[in-house]
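Engineer: Using only what follows, build the 3D model:
(one chain, ligands or ions: 1)
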Amino acid sequence: MSLFSHLVTPPVRTLGGYIPGKSLKQAEQESGVQCIKLASNENPFGPSQRAVAAMRRVLEETNYYPDNDVTELRSRLAEKHGIAPENILVTAGSTSLLGIMARTMLAPGLNAVTSKLSFIVYPIATKAAGATLIEVPTLHHGFDLDAVAAAIDANTRLVFIANPNNPTGTLLDAKTVDRFLAQVPAHVVVVLDEAYCDFAQYFAAVRGVDYSHSLEHVRQGKNVVVLRTFSKAHGLAGLRIGYGIGPKELIGYFARMRTTFSVSSVAEAAALAALEDENHVQVALANNAQQSQWLLKSFQAMGYEPVPTWANFVYCDLSENASVVAKRLQSEGVIVRPLGPWGGPNAIRVTIGTPEQNQMFLAAFKKVMEHNTAAITR
Ligand SMILES: Cc1ncc(COP(=O)(O)O)c(C=O)c1O
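Structural biologist: Numbers count the residues shown, from 1 in each chain. You can find the predicted model right below:
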């Protein structure tokens, strides 16, 4: 046994860490070419310039600790969502809140339920708390809520639902989620993870679909926590700021468990300014809707069957080792996410970028896949 393995807790001993999308710097150093990053579902247009200006304004005050309660942003979010500030907890990204929820509600002997092929942080947060994660099989590449409901038992405390789902981009419409929530027993809290809600809402309006009643469920006092983030449509992934909306008492327990001062004053200022820059978000959403169709058609034209997306990425099964393909793409200057660690060894997830980035991806993808076919037939 190594020096410290017997000193750490049993869950930590067996925990596999999160494998993030490669940073541009890291990928460029590895492959020696200039790269574009389409691996982590970030906003390809960068942060809002209003957010950048707001960050500059607070830089001179960063000798002070931030407001631990993130009061100004909470009250602005409360106003935006028509809910009380006490229903909201702002954290250093919604990933951080997933960890907080798991540590608050789970322990050895208890479990959480989710779907296979969903957000990779759910297993990490659950196992780190010493609990078990029950993953039900997917239905049409997404959540099968009947199977999730059937998997809930007396020891279940959390259900994680990513809507849209990451990495497959599938959607559960409002009616389907409402029907599911009506079946969930009182000892279970349902996490409706809506990290990609802005993209989904945009698609839903175009496609005539009722996307989500999540906030209404919180207003009605149900055991529901809605997760939102500034990392995606708002383009602030590097700052680490997100939030949860849920029952006041539960939010109070989560607040006890957060790391003190974990949301910086710079992040709060940027988020407040980003909320005012509706145009910046709209540009990203319109580009995403248009480019997603282009990307899907491009995959189809090559004979693949990508999953139609409700978010800012496309999932595609390649029927071959995706990590090999991703490595080759990286040497052509394009970083995508191979999904082996997520349970999809033959699938990649490509973030929808600017038109130029998407064209670069397609050119690299064609080159890599042609090379693969040539290698097989040789
Ligand atoms: C489904 C889902 N939830 C939460 C997050 C985490 O977002 P944040 O950057 O706020 O931690 C992501 C990020 O990829 C995600 O895909």
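Engineer: In terms of residue numbering, what are the domains of this structure?
Structural biologist: 10-46+279-377, 49-277 (automatic domain parsing).
Engineer: Including distance to the ligand and mean pLDDT, could those domains go into CSV?
Structural biologist: All C-beta spots, glycine's among them, are computed from the backbone N, C-alpha and C. Shown next, in CSV, are those (distance: least, C-beta to the nearest ligand atom, whole Å; pLDDT from 0 to 100):
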stretch, distance to the ligand, mean pLDDT
domain 10-46+279-377, 5, 93
domain 49-277, 3, 98
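Engineer: looking at these, which is buried most?
Structural biologist: Among the domains of the chain, domain 49-277 has the highest mean neighbour count (mean count of other C-beta atoms under 10 Å), at a mean of 19.
Engineer: before we move on, back to that, export the domains of the chain as TSV, with columns for distance to residue 4.
Structural biologist: TSV is the format used below for the domains of the chain (distance: least, C-beta to C-beta, whole Å):
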stretch	distance to residue 4
domain 10-46+279-377	10
domain 49-277	17
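Engineer: wait, which of those domains is closest to residue 2?
Structural biologist: Residue 2 sits nearest to domain 10-46+279-377 of all the domains of the chain, at 9.9 Å, using C-beta to C-beta.
Engineer: just how off-centre is that closest one within its chain?
Structural biologist: Per C-alpha atoms, centre = their mean, to the nearest Å, the displacement of domain 10-46+279-377 from the mean C-alpha position of its chain is 15 Å.
Engineer: quick one: the strands in this structure?
Structural biologist: Ranges of strands within the chain are 36-37, 88-91, 111-115, 132-136, 156-162, 189-193, 224-229, 242-245, 313-317, 334-335, 337-339, 344-351, based on DSSP state E.
Engineer: Packing partners of the last one?
Structural biologist: If I follow you right, that is strand 344-351. strand 313-317, helix 322-331, strand 337-339 (3 or more C-beta pairs under 8 Å, 6 or more residues apart in numbering; DSSP states H and E).
Engineer: what sits up against the longest one?
Structural biologist: It stands for helix 322-331. By C-beta atoms under 8 Å, 6 or more residues apart in numbering, the residues outside helix 322-331 that reach it are 22, 27, 30-31, 33, 35, 318, 335-340, 344-348, 361, 364-365, 368-369, 371-372.
Engineer: any idea how far the residue positioned nearest the centre of the chain lies from residue 205?
Structural biologist: The centre of the chain sits closest to residue 195, judged by C-alpha atoms, centre = their mean, with a distance of 5.2 Å. Here the criterion is C-beta to C-beta, to the nearest Å. By it, residue 195 lies 19 Å from residue 205.
Engineer: ok, what's across the strand from the residue lying closest to the residue nearest to the centre of the chain once chain neighbours are set aside?
Structural biologist: Leaving aside its chain neighbours, residue 195 sits nearest to residue 229 (4.9 Å; criterion: C-beta to C-beta, 6 or more residues apart in numbering). Listed beta-bridge partners, residue 229: residue 242 (assigned using DSSP bridges).
Engineer: gap between residue 229 and residue 236?
Structural biologist: To residue 236, residue 229 is 9 Å away according to C-beta to C-beta.
Engineer: Residue 47 too?
Structural biologist: On the measure of C-beta to C-beta, residue 47 and residue 236 end up 6 Å apart.
Engineer: between these two, what contacts are shared?
Structural biologist: Joint contacts of residue 47 and residue 236 (C-beta under 8 Å, 6+ apart) are 270, 274.
Engineer: so who does residue 54 touch?
Structural biologist: Counting by C-beta under 8 Å, 6+ apart, the residues that residue 54 touches are 269, 270, 272, 273.
Engineer: Please apply the same query to residue 152.
Structural biologist: Contacts of residue 152 (C-beta under 8 Å, 6+ apart): 113, 159, 184, 185, 188.
Engineer: go on, residue 175?
Structural biologist: Neighbours of residue 175 in contact, by C-beta under 8 Å, 6+ apart: residue 210.
Engineer: do the same with residue 346
Structural biologist: By C-beta under 8 Å, 6+ apart, the neighbours of residue 346 are 317, 318, 319, 320, 321, 322.
Engineer: cool, residue 22 as well?
Structural biologist: Counting by C-beta under 8 Å, 6+ apart, residue 22 makes contact with 30, 37, 39, 330, 335.
Engineer: before we move on, the earlier item: select, from the contacts of residue 54, the two members most distant in space.
Structural biologist: 270 and 272 (7.3 Å).
Engineer: my guess is residue 129 meets residue 9, correct?
Structural biologist: No. Residue 129 is beyond contact range of residue 9, at 10.0 Å (criterion: C-beta atoms under 8 Å).
Engineer: quick one: the helices in the stretch 151-300 of the chain?
Structural biologist: 174-181, 197-207, 214-219, 248-257, 265-276, 278-301 (DSSP state H, counting those that start in this stretch).
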